[in-house]
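> below are the sequence and a predicted model; questions follow.
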Amino acid sequence: MDWDIALKEFITLWVVIDPIGTIPVFLAVTAGLSVAQQRSIAVKSTLIAGLILLFFIVGGQVLMEGLNIHLESFQIAGGIILFLFATTMIFGDGKPASEQKQFDGNISHLAVFPLAIPSLASPGAMLSVVMLTDNHRYSIEQQAVTAGIMVTVMLCTAALLLLANPIQRVIGTAGASIISRVMGLILASVAVDNILHALNTYFQLGL
């Protein structure tokens, strides 16, 4: 795989998974827990999110084709959803505020909700990994590289969550909100690019 393509995929997955924006959510829902408990939740949440995204890499397109949905249709729909998701990151409350509201106080499943889903393995992330591993456009080797890039992003996410307390002291909640909005702008550009590519392929425009 070309390094430029690999870098683009890394940036795309980094934006939709949004590890930095997850830090305030992690700190909010693990407040009052011991350091050992926080570390356990950080590792479990990234592992669960990684497995969910890996499932969509392996079986997402098979499921889609089983429903007789054209990839171009999925790309356009996914691009629109990604764009709307990006606008909520730019104009909404911001990822930290919106997802902290979903915490119900139950410590037993913090690793699953709201950290693994929907903070890390968000709908945008699920759509992205399916589009980045299109069986008709990418070889098995290329898809394996994409899976490796996703795993790399999740490892970086785990490391950031383990270092969440010192990072929060440096950037603050406002800093995380600003970063989330910048990531949203990048994601909106990626979404538009996906839509244009699907239209080009479907109508055979040759652009």
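Alright, I've got the coordinates.
> show the contacting residues for the nearest residue in space to residue 60 that is not next to it in sequence.
Computed as C-beta to C-beta, 6 or more residues apart in numbering, the closest residue to residue 60 that is not its neighbour in sequence is residue 130, at 3.8 Å. All C-beta spots, glycine's among them, are computed from the backbone N, C-alpha and C. Contacts for residue 130 (C-beta atoms under 8 Å, 6 or more residues apart in numbering) come out as 56, 57, 60, 61, 64, 74, 78.
> ok, residue 179 - contacts?
Applying C-beta under 8 Å, 6+ apart, the residues near residue 179 are 20, 21, 171.
> just the element for the last one, please.
Secondary structure assigned from DSSP states H and E places residue 171 in helix 164-202.
> who wins for most neighbours among the contacts of residue 179?
residue 21 (24 neighbours; other C-beta atoms under 10 Å).
> which pLDDT value belongs to that one?
At residue 21, the pLDDT value in this model is 77.
> now swap in residue 130 and tell me
Value for residue 130, per-residue pLDDT: 88.
> the protein: strands as residue ranges?
Under the criterion DSSP state E, the chain contains no strands.
> what about the helices in the chain?
Under the criterion DSSP state H, the chain contains helices at 3-17, 19-29, 35-66, 71-91, 95-100, 123-132, 140-162, 164-202.
> can you list those helices in JSON lines and add distance to residue 111?
Below are those laid out as JSON lines (distance: least, C-beta to C-beta, whole Å):
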{"stretch": "helix 3-17", "distance to residue 111": "16"}
{"stretch": "helix 19-29", "distance to residue 111": "10"}
{"stretch": "helix 35-66", "distance to residue 111": "4"}
{"stretch": "helix 71-91", "distance to residue 111": "23"}
{"stretch": "helix 95-100", "distance to residue 111": "14"}
{"stretch": "helix 123-132", "distance to residue 111": "17"}
{"stretch": "helix 140-162", "distance to residue 111": "11"}
{"stretch": "helix 164-202", "distance to residue 111": "14"}
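> where among those is average confidence lowest?
Minimum mean pLDDT among the helices of the chain: helix 95-100, a mean of 55.
> before I go, just wanted to say thanks for your time.
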